[in-house]
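# Generate coordinates for the sequence data below:
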Amino acid sequence: MKKLLLYAVLALLPFLTSAQSEPPVNKDFADDTKGIADSFSWDDHISVMQINLNNEKFDLVAIDDKMNILWKTTLNGYAISCGKFKGKILAIAAEKHGEIRGFNGVYKGFLIDPKTGKSEIEKTIYEGKGEYYETIANYYTGDGTYFRMVIRQSNMKRAMFSFSRTKTNYDKTTDLTVFELNERLDIASTFKPVIGDGTIIETAGNYDADLFVSVFKGDNTIEVTRYNAGAKVPSGVLSQDIDLPSNADKSMPGRYIKTIASEADRNVVYFSIMHKNYEKDIQLAVAKLDFAKKTKQIISEVFDRNHIKEIKKAFVKPNKDVDKPEFGSFNNVEVRYIRELNNTLLVAVSNKHFEQGQLGAWGVEQSIIINGYDTNLKQKFQQVMPTQCSYTMIVVPTGYYADKNTLHVIANDKDGMTSIRAIHGTLDMQTGEWKSMEILSKKNLRSSSFSDGSNALWYKNGFILPYVAMGGMFSITSDIRLQQNLF
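Residues are numbered from 1 along each chain as shown. Next comes the predicted model:
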């Protein structure tokens, strides 16, 4: 009898082990939401997530590394961002938001106790007219010392129906306002950078609270102006030419040029762009501007057919269950991620586009090319994340997280006709080799749900990954589930 019992236990052991190894899932985290607005790490054990419930209310949620919900606070407004500020949590929201009309021009700040989630200060921090569409950029320094907000006013009116509703008008900047907040959420200083005759690309901020404003000028010049922390006048201007042909579309540079400030050297800013060169080949350009040395440097990489074949041929599968890379048309390839960490500059590019079918439109992202450079822009490696995914009406997010010498990439990948799987890759930033590539479990998750790696919560012992399930083909609400993954 004992032997029979032993054999029965041994027979069940693989199934018991499998059940125990499945990652825990919070199946009741959030329903009927407008999606995750932002998230950040408070410390090694606690992260904060900001979720829009509708156009006028949002939640702030504190989650520990065991996936426990420590507190949840509901606040009035449409969430934009959150981060550390003066030892507290600062949440920024628009007073109101419309699906078509966007932000109403009134912005609110909330100062939250990180231990209890209690709101200590709530106030309107900026009140505009709300006549034109606006885009917002918020900059939190790593230690929470400074906060800067940049409001860009477009040339497109917020009317329900308007003849000015074009991409060109949306990307044209008519006003740029920059302000800092103090610990009472009052405006400590404000100024309006001079745009001149150029077209705003974007702004970038570093952990020292310096601000860099990049502008596209003339036919092929990118000009970057630096404003030191707290300053209202520029401390320096540097420019870099790029070999854009005269017929290139230069009306919307903010859509394809990415700018970041260095995390190691407050005097350095980088930008990167995918574009057609004079030979009509697709080319990646990466530039470095040093405001202390007053130097500039640019390198380029041409992605012609032969080079693309070489990249595919050089790829070695780190996991037998992943597919070969597919890049699609390089006409749609743009820079998706750029960051400098531990003397390595990372630049990731991919093809994102929409396809029209009989059943509607599909958002597509294909395999990702990841380049690593040293701080002198010498290429250290080139690697591929061999994922590709399509989803109804939207392009699903990919997440990048760099920590010490490892780049984590979480991307969605097709799994049959209707299912989607998440793949987590860990890349050695010194060698460019994949340390691991894991297909994450979908147990207790909807097969059609996609991972939001851009809002994954990272801890020392692992990460918590949000999965998003849309309410239906034409739904604008989504359910959010959490999955705990340990290293």
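# after the helix or strand containing residue 260 comes which helix or strand?
Taking DSSP states H and E as the definition, residue 260 sits inside strand 257-261. From strand 257-261 onward toward the C-terminus, using DSSP H and E, the following helix or strand is strand 268-276.
# Give me the buried stretch members for stretch 30-48, please.
Residues of stretch 30-48 classed as buried: 30, 33-40, 42, 46-48 (neighbour count, 16 or more other C-beta atoms under 10 Å). To be clear about C-beta, it is placed using only N, CA and C from the backbone, and glycine gets the same treatment.
# before we move on, what SS does residue 70 have?
Classification of residue 70 using DSSP: H, G, I helix; E, B strand; the rest coil returns strand.
# can you give me the helices in the protein?
For the chain, the helices defined by DSSP state H cover 2-21, 167-171, 305-314.
# hey, least reliable of these by pLDDT?
Ranked by mean pLDDT, the helices of the chain bottom out at helix 2-21, with a mean of 47.
# what inclination does the strand holding residue 260 have with respect to strand 268-276?
In terms of direction (axes from the mean of the first three to the mean of the last three C-alpha atoms, to 10 degrees), strand 257-261 departs from strand 268-276 by 170 degrees.
# what's the average pLDDT for strand 257-261?
pLDDT averaged over strand 257-261 gives 94.
# How about stretch 468-480?
The pLDDT scores in stretch 468-480 average 81.
# Let's see which of the buried residues of stretch 30-48 end up in strands.
When the buried residues of stretch 30-48 are checked against strands (DSSP state E), the matches are 30, 33, 35, 36, 37, 38, 39, 40, 46, 47, 48.
# Skipping adjacent residues, who's closest to the fourth one in space?
For residue 36, ignoring the flanking residues on the chain, the nearest one in space by C-beta to C-beta, 6 or more residues apart in numbering is residue 455 at 4.6 Å.
# Just want to check the distance between that neighbour and residue 365.
According to C-beta to C-beta, to the nearest Å, residue 455 and residue 365 sit 17 Å apart.
# circling back: put the alpha carbons of the strand holding residue 260 into PDB.
Once non-C-alpha atoms are left out, strand 257-261 reads as follows in PDB (Å, rounded to 0.1, in the frame of the first residue of the first chain):
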ATOM      1  CA  ILE A 257      14.000  62.500 -33.200                       C
ATOM      2  CA  LYS A 258      14.700  61.300 -29.600                       C
ATOM      3  CA  THR A 259      16.700  63.400 -27.200                       C
ATOM      4  CA  ILE A 260      18.000  62.500 -23.800                       C
ATOM      5  CA  ALA A 261      20.300  64.100 -21.200                       C
END
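# Can you list the neighbours in contact with that strand?
201-206, 210, 212, 214, 216, 222, 224, 268-273, 335, 337-340 (C-beta atoms under 8 Å, 6 or more residues apart in numbering).
# what are the bridge partners for the closest residue to residue 181 other than its chain neighbours, then?
Spatial nearest neighbour of residue 181, excluding adjacent residues (C-beta to C-beta, 6+ apart): residue 147 at 5.1 Å. With DSSP bridges as the criterion, residue 147 is bridged to residue 140.
# Let me see the contact set for residue 147.
Counting by C-beta under 8 Å, 6+ apart, residue 147 has contacts 83, 85, 90, 138, 139, 140, 141, 180, 181.
# now do residue 227
Taking C-beta under 8 Å, 6+ apart as the criterion, residue 227 is in contact with 178, 191, 193, 210, 211, 212, 213, 233, 234, 235.
# For stretch 328-345, which residues meet the burial criterion?
Going by 16+ other C-beta under 10 Å, stretch 328-345 has these buried residues: 328, 330, 332-341, 344-345.
# likewise stretch 117-132?
Buried-residue list, stretch 117-132, by 16+ other C-beta under 10 Å: 117, 119, 122, 125, 126, 128, 130, 132.
# and which of those residues is nearest residue 446?
residue 117 (28.9 Å; C-beta to C-beta).
# Hmm, that closest one is touching residue 75, no?
No. Counting by C-beta atoms under 8 Å, residue 75 is not a contact partner of residue 117; they are 10.1 Å apart.
# Name the residues contacting each of those two.
Counting by C-beta under 8 Å, 6+ apart, the contacts common to residue 117 and residue 75 are residue 60.
# so what's residue 86 up against?
By C-beta under 8 Å, 6+ apart, the residues touching residue 86 are 111, 144, 145, 183.
# Please disregard the earlier target; I meant residue 107.
By C-beta under 8 Å, 6+ apart, the contact set of residue 107 is 80, 92, 93, 94, 95, 124, 125, 126, 127, 136, 149, 151.
# Over to residue 373?
286, 299, 344, 345, 347, 379, 380.
# how deep is the last one tucked in, by neighbour count?
Using other C-beta atoms under 10 Å, the number of residues around residue 380 comes to 16.
# Just give the nearest non-adjacent residue to it, would you?
Spatial nearest neighbour of residue 380, chain neighbours left out: residue 372 (4.4 Å); criterion: C-beta to C-beta, 6+ apart.
# how near is the one you found to residue 381?
Counting by C-beta to C-beta, the gap between residue 372 and residue 381 amounts to 5 Å.
# Look at those two and report which has more neighbours.
residue 372 (22 against 17).
# ok, now which ones touch that one?
Residues in contact with residue 372 (C-beta under 8 Å, 6+ apart) are 344, 345, 346, 379, 380, 381, 382, 383, 429, 432.
# So in terms of bridging, what pairs with it?
Going by DSSP bridges, residue 372 forms beta bridges with residue 346, residue 381.
# Quick check: it vs residue 332, distance?
As for residue 372, its distance to residue 332 is 23 Å (criterion: C-beta to C-beta).
# Domain parsing of the protein, as residue ranges.
The record's domain parsing of the chain by automatic domain parsing lists 34-192, 305-487.
# With distance to residue 295 added, can I get these in CSV?
Formatted as CSV, those follow (distance: least, C-beta to C-beta, whole Å):
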stretch, distance to residue 295
domain 34-192, 25
domain 305-487, 11
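# Of these, which is nearest residue 254?
When those are ranked by proximity to residue 254 (C-beta to C-beta), domain 34-192 comes first, at 6.1 Å.
# ok now the closest one, how far from the chain's centre?
Relative to the chain's own centre, domain 34-192 is displaced by 15 Å; criterion: C-alpha atoms, centre = their mean, to the nearest Å.
# Over to stretch 406-425?
Relative to the centre of its chain, stretch 406-425 is centred 16 Å away, using C-alpha atoms, centre = their mean.
# Quick one: end-to-end length of that stretch, please.
Its first and final residues considered, stretch 406-425 spans 10 Å by C-alpha to C-alpha, to the nearest Å.
# What average pLDDT does it get?
Computed over stretch 406-425, the mean pLDDT rounds to 93.
# and the nearest residue to residue 116 once chain neighbours are set aside, what are its bridge partners?
Distance criterion C-beta to C-beta, 6+ apart; nearest residue to residue 116, sequence neighbours excluded, is residue 71 at 6.3 Å. Residue 71 has these beta-bridge partners by DSSP bridges: residue 62.
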